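Trainee: when you get a sec, could you give me coordinates for this:
(chains A, B, C, D, E and F)
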There are 6 protein chains.
Amino acid sequence: MSPTRYGAQFGPDVTFLGVPRCDWQDPGSMSGADVVVLGAPFDGGTSHRPGTRFGPQALRTTDYLGHDGSRPSLALRVDGLRDLDVRDAGDVEMPPGDIETSLQRLRGAVAAVARSGAVPVVLGGDHSITYATGRGTADVHGEGRVSMLHFDAHADTGDIEFGSLWGHGQPMRRLIESGALRGDRFLQIGLRGYWPGPETLAWMAERRMRSYEMTEVVDRGLDACLDEAFGIATDGCDGVFLSVDIDVADPGHAPGTGTPEPGGLTARQLLDAVRRICWELPVVGMDVVEVSPPYDHADITAALGNRVVLEAVSAMARRRREAAGETFPSPSAPLLDGR
Amino acid sequence: MSPTRYGAQFGPDVTFLGVPRCDWQDPGSMSGADVVVLGAPFDGGTSHRPGTRFGPQALRTTDYLGHDGSRPSLALRVDGLRDLDVRDAGDVEMPPGDIETSLQRLRGAVAAVARSGAVPVVLGGDHSITYATGRGTADVHGEGRVSMLHFDAHADTGDIEFGSLWGHGQPMRRLIESGALRGDRFLQIGLRGYWPGPETLAWMAERRMRSYEMTEVVDRGLDACLDEAFGIATDGCDGVFLSVDIDVADPGHAPGTGTPEPGGLTARQLLDAVRRICWELPVVGMDVVEVSPPYDHADITAALGNRVVLEAVSAMARRRREAAGETFPSPSAPLLDGR
Amino acid sequence: MSPTRYGAQFGPDVTFLGVPRCDWQDPGSMSGADVVVLGAPFDGGTSHRPGTRFGPQALRTTDYLGHDGSRPSLALRVDGLRDLDVRDAGDVEMPPGDIETSLQRLRGAVAAVARSGAVPVVLGGDHSITYATGRGTADVHGEGRVSMLHFDAHADTGDIEFGSLWGHGQPMRRLIESGALRGDRFLQIGLRGYWPGPETLAWMAERRMRSYEMTEVVDRGLDACLDEAFGIATDGCDGVFLSVDIDVADPGHAPGTGTPEPGGLTARQLLDAVRRICWELPVVGMDVVEVSPPYDHADITAALGNRVVLEAVSAMARRRREAAGETFPSPSAPLLDGR
Amino acid sequence: MSPTRYGAQFGPDVTFLGVPRCDWQDPGSMSGADVVVLGAPFDGGTSHRPGTRFGPQALRTTDYLGHDGSRPSLALRVDGLRDLDVRDAGDVEMPPGDIETSLQRLRGAVAAVARSGAVPVVLGGDHSITYATGRGTADVHGEGRVSMLHFDAHADTGDIEFGSLWGHGQPMRRLIESGALRGDRFLQIGLRGYWPGPETLAWMAERRMRSYEMTEVVDRGLDACLDEAFGIATDGCDGVFLSVDIDVADPGHAPGTGTPEPGGLTARQLLDAVRRICWELPVVGMDVVEVSPPYDHADITAALGNRVVLEAVSAMARRRREAAGETFPSPSAPLLDGR
Amino acid sequence: MSPTRYGAQFGPDVTFLGVPRCDWQDPGSMSGADVVVLGAPFDGGTSHRPGTRFGPQALRTTDYLGHDGSRPSLALRVDGLRDLDVRDAGDVEMPPGDIETSLQRLRGAVAAVARSGAVPVVLGGDHSITYATGRGTADVHGEGRVSMLHFDAHADTGDIEFGSLWGHGQPMRRLIESGALRGDRFLQIGLRGYWPGPETLAWMAERRMRSYEMTEVVDRGLDACLDEAFGIATDGCDGVFLSVDIDVADPGHAPGTGTPEPGGLTARQLLDAVRRICWELPVVGMDVVEVSPPYDHADITAALGNRVVLEAVSAMARRRREAAGETFPSPSAPLLDGR
Amino acid sequence: MSPTRYGAQFGPDVTFLGVPRCDWQDPGSMSGADVVVLGAPFDGGTSHRPGTRFGPQALRTTDYLGHDGSRPSLALRVDGLRDLDVRDAGDVEMPPGDIETSLQRLRGAVAAVARSGAVPVVLGGDHSITYATGRGTADVHGEGRVSMLHFDAHADTGDIEFGSLWGHGQPMRRLIESGALRGDRFLQIGLRGYWPGPETLAWMAERRMRSYEMTEVVDRGLDACLDEAFGIATDGCDGVFLSVDIDVADPGHAPGTGTPEPGGLTARQLLDAVRRICWELPVVGMDVVEVSPPYDHADITAALGNRVVLEAVSAMARRRREAAGETFPSPSAPLLDGR
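Mentor: Residues are numbered from 1 along each chain as shown, chains lettered A, B, ... in the order given. Okay, here's the model as predicted:
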């Protein structure tokens, strides 16, 4: 292993379900990779319950199956971890008390991965990290060239929090203000509750963001909302970034998070949406954030986050293999058809 | 603050998300209030897991946002805590070992609030308190003038429990027997499981109650059931009392409760139903009961209960503002439309 | 009580919600019984989180109502524990470190119950016990005469686990290989995730099993899948065995289990499916497995498992009474109709 | 079993580690018993965290050994459950919301046991029950004839709580005021913290109570304090009542309790003190209170409470057998000496 | 209340057990106060488990008694909250991701309190805050004029952590390097385990710090170590700062902390040591740190931290009253002597 | 790494605090090692609460410091992981349902390590594994040549459990019966409670075992007992095996275990005893067993077990370096002396 590889900021140095190691500071180690996993063990941006610093470890390891770098998807009939070349670059060192340094380091790491040609899949951490994951992606793919599909109970477009511009309530504002991402290619799904207030919503409207509050999702159906969002996301952009805040799921399905907001998606809905996105759209980067192990009794939130990653990687693999001409049964066909 | 205000029976004296204090024993302190929150920290009526004595504190404080007395609803486009004048009168002192004294005190407090012209919103406590909240409301609005919308897994119409007439399995029977509420304007939604038995059901049928068991809710759809129930509730009554037992939600969404019964509503369904009721009907009183913090890992049940209160208050605010001639987009319109 | 009755392997000797005791080694004690409950406190077969050894105790006692041997079902309008003669034979002694002896003992006990004419309802334990429950049932009803309805996130058709042929990932393969059950009358509902791999799926296809993965369940609807499955299950078989792995439910509804897989059924769906099966089909045996109390915060998984048993027994009672010519309202009729 | 036996107020009807059942309302059923266990599942008197209603069940069953009615003590070389005739009369029905009725019932049950000649061992419940256990004992042994050894962090000599004379902060005052027990034969061990205030302490001093605060216990040593207390307790009294509030132990050893006060005894000290008391003194009654299962992670508080009962019963057995002329090695002799 | 008062960074604005509010930015509001409580809800400095941001709230409220601003100490026979004028200035706003700004703010607040003449009692937060509490105290009392009594499992004298100079492993080094405190008046008690390494220990030795590892504490006895330490602490210094990291207690007594190290003090020892220090020495400032509620099952760590504060304030009160000529019995005298 | 290395049976493949990997099936990989860690993730032998299968992972990783293969002991002034050559061979595959195969495999692995010249340090698992660890050690060092120092609440000398000769209650009997270890060189420390009964104790006495029950430990002092035990252990034996059942510690210090027995050692006592043994005696093998993560809130039991291993390895390192002529200060000398 490259001597520069940092390993794990907290706990032992493990990889996502046993995939091989690489080092984002060593381009050669990423050569040929399709997907590179990065840990962003940072909870210095959270406005309430901390703990997401242990998210990367939990997301990498919460699975009852062997950690053998293979996961054949029943529904999709591909093995995401084998059909694609998936590697794990370990954590980026992110001092919890220094958010600016932390985000700067992560931005660099994400850009390095993207530059290598691999899709960065970043395991948070609180949602403040998306400033860095989005920015680092745009550093490579170009400003305004990547659209955002953002699953969340919260808009994360605030301005100031505890007297700071940087926190898990602000990344989306910072991303749009920086020019990295376009407001009118920013799609938010699952918002609900009592935040933000009118001033921030006005700012969002002005930037022509498109936010699907849960009432709309329930009334129109999630798939109809996704159809519409996919159209916007692919209109004049080259790729899509998928950011999944686990609190988009209802607290019953995802209790282990910092700011749980009742009334969200089911786990099933979330997984199905992630599958569609990574199967139907050109995803160039992804993060999964806000899994907080100290509040995660029986580890069900970490399990869901782990499956979000696997669903995404599996769908990317199917997309890739179908693009190469292979054909498969529909995921809703009888499971054993054609086996 | 008035010298008579009791404050908190357990823990520090805090108000619902930071709204101003008032004192139910001091009518002047409630003058002009639209909604008055009362804590009923009583679990002496529960037949199984206790802990709801800590419900008022949990319902007042379980929210990751600042406790600043403001909550702008994304979906409803109103700020329930600001658009209405909402105050918190603290707890009623309810000795856990003396249910009759406790209910008598609470009945008096609820009546005092209702008399002031405000809507009492009572935070339980176990469901035995609804004898007092319902009775106190009827003391002011008149016997038989208020209908009941009762969300629960259980009918709470039992006769005797542990040799006592008073407990969380009996309040609805006592309310109807007292004449305070009419059996034929008593609507129950979400019942399921294995209680009560035939004798009690016969009593309920005789009183012409209307109880929607979950099979009916699933088969007809919740909205169809609500439509029908709304028609009954407003037939010849002046107002509606809304009683939400958090165990109407499935234990997956509300584990922190005393008598969890699998197979209930989702959190989303419960919130949507509460919204409809407080938006479409003239609600004159409300309670939220059976949130039991000792069993509430990661505080998701308290979070749901807090949102039930906020959803209700927000919908009341929208109802009020619409009645005053304002117009708003539909809650299922795109979130940023018209901002 | 018969001197041979073993009682409880762990903790005090209690019966399912207070039904009378019997002894599977003493046929006379089961004479006239319709249903006999057996505990299979075995977690020596689990590949991940243990704890199901405490499942039988939890399934017998997790209910907030009195343990009085009576449970009148609101929806079905029967009292399963009274309308049928339900007894509890206690646990089978199953040393955790000796899976072969353990399964052999359980097989014998199940066969003894079936031979008495009662329906064995076995409380697991991990899913490895289904080799014994299925085999013991076939020992009496005849090889290939009983079809299987298997609710699970996992196919449990693996070959080797930790170097052993016996574990909770293999029972279904062993059952089919033994000839006890037919592969083409083996219906699996709720599968999802990343196990097993292609080789095992090929084996399943070859045996003409019919497995409904969650994508199919979501797309077609659970009831449509059940309709189809019921047709297969009753084609040329005399009876049906129902095996419910609690992890078929989403981890939000069933966190206390060994191998939670996100994206499953709701508790409501599971209960409704169990009701249909035991009402519409000739169920000759049943097990409920994989409830693991150490991971079951607030006991909601045990509560669900307890209700799965009650739903099944209630539906069997209604089936029996309807077969005897009684008529009842539909479960989705208004609850108080005809009371 | 006698038809009057109540069984269990909560959960299944189990006996203390499997000893035989009896019925306190049926004197014949207690005939010949040395010890009768009674459950007092009441938490309506607690001023803070509830849950002790589940104490009797937890104290009866929290043991990893078989529930076979036998417990040979390694140290004392007797089998308390076999050398004495120990039976379990089940719970007394105590409605949580009616403390006066509840205590009255318990007082009657304790007196009935004492009248039978057996030592009542009462499993609480919160400490309010000691008014009933002490009073019921005095009803039989005579007012002022029984001294009290009271282990607790709190004096429990308050006057009014939540406007009520009855609660877990007052039983000792009520007992002395009633004349049942003498203030100057009331020994309290382990007090600490910040309650009660000067007025109550003055009342205690006036009644000539003797209270050992933890500073005195630490400075003089627990055994020296016990020596002194034993002298007082046996001066002019015929018997001793032992009341153990589990919160006398440090919260590290007993977290599962309602009002934990840091700085208490170790579990070892508590067990050794209980052993001395029941070995050296004529104990005529006992209670173990304030074990609260909802707060008892890993069940260590219930395990300690169970061992307090066993230590007491074992020491009573050794006292009895030594009184009958048997000789034994010292408990601190090498374990295998003379086996 | 002053308009500048910040209130609470997380959750509702409550004061320490109900003492009156003040505002550190408004000197008038602190005029005449003896003790001012400050919350430092910062966990951005922790190197492992976070959660101490919720420490101030937990330390202020974890007490089963009424929150009435009064706590008469049984042992010390004073009421610290009444005999002294104790006020609570609320939290200092400390953005978790910006440690330098956070510590700067806290330093200013502590200095403001000290300047007012009151003793600052700071509720952490992780131990990084002691750089600010120590520095702020020295800003007023003079560099090198205050000695340090530091209870901890860890020396907290590291140099770099996650690439940052600021964290909970470094405050003591920074304090000494800054000149605020003298290394040779820095007394550490309770160190153990495997940190720091030789280089850091050499730095400590060079600064002539005096660190009592647990082996020394056990072998010589805690009181002998304290006697020696008191002599050093008062040699040429005007006052003493007491910093209590709750992890100095054994994890059995204080599980809810970030970096638990087995083999520590008992809760009893810690309380007795704090009593001695605040009774015998001129304490001019204090902090209690590293209480982490997310890991604090049954709240026993918060309870211990709350009692550490109360023990300190009670002892300060007794010191003050004795200095004024009052006499009291010894804390180890019989509790009721002279009442 | 050797292709035969098994890695981890559960979860990711990590080593004890980051020490290098080796493979017990490849002698070359152990060449030169002083200590080889082996995981025995087996809980198929436990008679009550399972979960110790996750013990090896927890013992390897529960530490807040970096996993860097270095742990300088403050007290002992050595770095056990660096001064000795410590490697980790990963887990032995132990199917939970097949105890005989499992123990046979482990015995082989332990013997292979011992044969290499390294000290095997085995991380359990339940205590049944000590049959294999003891037997494997004797296979190399010779029957009867190794004495046993056994810390435990339980004698583990039972005969039959759940109808099986193999379980965590029997290993010590099996070891002695096999001839591998001598009964009269078998020293047990910390026994207490109510198991085993007279018959088993008679068997133990007959084999001339020496068992220190807690009463003896308290009365004589732990060090006096150890002094005596050390004399016996080294009388005519070549080496000592140290088996630490974590339940020898009081449940307050070690709640996360299968069969907690109140009244045990403090964590401090246990660590000090382990230090003495590995410093003063020729330890040739060691195991740490019965850490059960599912019951280990806040991970304090795993932390204690991790420190037991580190204390042992540190003391071995100091013993080695002193044997080589180095001198060190006493562990109770001031920490900074001579740094």
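Trainee: drop to CA atoms for contacts and neighbour counts, all remaining ones
Mentor: Will do.
Trainee: which positions in chain A make contact with chain B?
Mentor: Taking C-alpha under 8 Å from any C-alpha of the partner chain as the test, the list of chain A residues beside chain B reads A:47-49, A:192-198, A:201-202, A:204-205, A:209-217, A:219, A:250-253, A:255-256, A:259-264, A:295-297.
Trainee: contacting residues for residue A:257?
Mentor: For residue A:257, the contact set (C-alpha atoms under 8 Å, 6 or more residues apart in numbering or on different chains) comprises A:49, A:52, A:246, A:247, A:290, A:291, A:292, A:293, A:295, A:296, A:301.
Trainee: restrict the residues you listed to those near chain E?
Mentor: Residues of the contacts of residue A:257 in contact with chain E (C-alpha under 8 Å from any C-alpha): A:49, A:295.
Trainee: which of the contacts of residue A:257 are buried, as a PyMOL select command?
Mentor: What follows is the PyMOL syntax for the buried subset of the contacts of residue A:257, where burial is set by 16 or more other C-alpha atoms under 10 Å in any protein chain shown:
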select buried, chain A and resi 49+52+246+247+290+291+292+293+295+296+301
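Trainee: I'd like the distance between the residue lying closest to residue A:282 once chain neighbours are set aside and residue A:187.
Mentor: The shortest distance from residue A:282 to any non-neighbouring residue, by C-alpha to C-alpha, 6 or more residues apart in numbering or on different chains, is to residue A:239 (5.2 Å). Counting by C-alpha to C-alpha, to the nearest Å, the separation of residue A:239 from residue A:187 is 13 Å.
Trainee: could you pull out the strands for the stretch 1-150 of chain A?
Mentor: For the stretch 1-150 of chain A, the strands defined by DSSP state E, counting those that start in this stretch occupy A:35-40, A:86-91, A:119-124, A:146-151.
Trainee: would you give the sheet partners of the last one, along with the direction of each?
Mentor: Counting by DSSP bridges, the strands paired with strand A:146-151 are strand A:186-191 (parallel), strand A:239-245 (parallel).
Trainee: picking that back up, can you select the buried ones from the residues of chain A next to chain B in PyMOL?
Mentor: Command for PyMOL, covering only those of these found buried under the criterion 16+ other C-alpha under 10 Å:
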select buried, chain A and resi 47+48+49+192+193+194+195+196+197+198+201+204+205+209+210+211+212+213+214+215+216+217+250+251+252+253+255+256+259+260+261+262+263+264+295+296+297
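Trainee: which members of the residues of chain A next to chain B occur in strands, if any?
Mentor: Secondary-structure check on the residues of chain A next to chain B using DSSP state E: residues within strands are A:210, A:211, A:212, A:213.
Trainee: re the thing from before, please produce JSON lines containing the strands of the stretch 1-150 of chain A, extended by mean neighbour count and mean pLDDT.
Mentor: What follows is those, written out as JSON lines (neighbours: other C-alpha atoms under 10 Å in any protein chain shown; pLDDT from 0 to 100):
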{"stretch": "strand A:35-40", "mean neighbour count": "30", "mean pLDDT": "98"}
{"stretch": "strand A:86-91", "mean neighbour count": "28", "mean pLDDT": "98"}
{"stretch": "strand A:119-124", "mean neighbour count": "29", "mean pLDDT": "98"}
{"stretch": "strand A:146-151", "mean neighbour count": "27", "mean pLDDT": "98"}
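Trainee: now distance to residue B:37 too, for those, in TSV please.
Mentor: Putting the strands of the stretch 1-150 of chain A into TSV (distance: least, C-alpha to C-alpha, whole Å) gives the following:
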stretch	distance to residue B:37
strand A:35-40	42
strand A:86-91	48
strand A:119-124	39
strand A:146-151	34
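Trainee: out of these, which is closest to residue B:155?
Mentor: Each of the strands of the stretch 1-150 of chain A has some distance to residue B:155 by C-alpha to C-alpha; the shortest is strand A:146-151, at 38.3 Å.
Trainee: next SSE after the closest one?
Mentor: Proceeding N to C from strand A:146-151, the next assigned helix or strand is helix A:171-177, under DSSP states H and E.
Trainee: could I have that next one exported to PDB, CA atoms only?
Mentor: What follows is the C-alpha trace of helix A:171-177 in PDB, where atoms were taken according to Å, rounded to 0.1, in the frame of the first residue of the first chain:
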ATOM      1  CA  PRO A 171     -23.700  23.200   2.100                       C
ATOM      2  CA  MET A 172     -26.200  23.500  -0.700                       C
ATOM      3  CA  ARG A 173     -26.200  27.300  -0.500                       C
ATOM      4  CA  ARG A 174     -22.500  27.400  -0.500                       C
ATOM      5  CA  LEU A 175     -22.300  25.100  -3.500                       C
ATOM      6  CA  ILE A 176     -24.600  27.200  -5.600                       C
ATOM      7  CA  GLU A 177     -23.100  30.500  -4.500                       C
END
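Trainee: what separates that helix from the chain centre, distance-wise?
Mentor: How far helix A:171-177 lies from its chain's middle: 16 Å, per C-alpha atoms, centre = their mean, to the nearest Å.
Trainee: please apply the same query to stretch A:139-149.
Mentor: Relative to the centre of its chain, stretch A:139-149 is centred 15 Å away, using C-alpha atoms, centre = their mean.
Trainee: got the contact list for that stretch?
Mentor: Among residues not part of stretch A:139-149, those counted as contacts by C-alpha under 8 Å, 6+ apart are A:111, A:114-115, A:138, A:179-182, A:185-189, A:233-234, A:236-243.
Trainee: write the ChimeraX selection for whichever of those are buried.
Mentor: To isolate the buried ones among the contacts of stretch A:139-149 in ChimeraX, judged by 16+ other C-alpha under 10 Å, type:
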select /A:111,114,115,138,180,181,182,185,186,187,188,189,233,234,237,238,239,240,241,242,243
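Trainee: in the stretch 51-200 of chain A, what residue comes closest to chain F?
Mentor: Taking C-alpha to the nearest C-alpha as the measure, the point where the stretch 51-200 of chain A comes nearest chain F is residue A:67, at 5.8 Å.
Trainee: residues in contact with that residue?
Mentor: Each residue near residue A:67 by C-alpha under 8 Å, 6+ apart is listed here: A:17, A:18, A:61, F:11, F:12.
Trainee: which residue, other than its chain neighbours, is closest to residue A:258?
Mentor: Once its chain neighbours are removed from consideration, residue A:258 has its nearest residue in residue A:49; the separation is 4.4 Å (C-alpha to C-alpha, 6+ apart).
Trainee: do residue A:70 as well
Mentor: Using C-alpha to C-alpha, 6+ apart and skipping residues adjacent in sequence, the residue nearest residue A:70 is residue A:81, 5.2 Å away.
Trainee: and for residue A:110?
Mentor: Going by C-alpha to C-alpha, 6+ apart, residue A:110 has residue A:136 as its nearest residue, at 5.1 Å.
Trainee: any idea how far residue A:157 lies from chain B?
Mentor: Between residue A:157 and chain B the computed distance is 13 Å (C-alpha to the nearest C-alpha, to the nearest Å).
Trainee: do residue A:77 as well
Mentor: Summarising the geometry, the distance separating residue A:77 from chain B, computed by C-alpha to the nearest C-alpha, is 31 Å.
Trainee: setting the sequence-adjacent residues aside, check what's closest to that residue.
Mentor: Once flanking residues are discounted, residue A:77 sits nearest to residue A:328: 7.4 Å by C-alpha to C-alpha, 6+ apart.
Trainee: how many residues are close by the one you found?
Mentor: The burial count assigned to residue A:328 is 14, neighbours taken as other C-alpha atoms under 10 Å in any protein chain shown.
Trainee: and it, which of the three is it?
Mentor: Taken by DSSP: H, G, I helix; E, B strand; the rest coil, the conformation at residue A:328 corresponds to coil.
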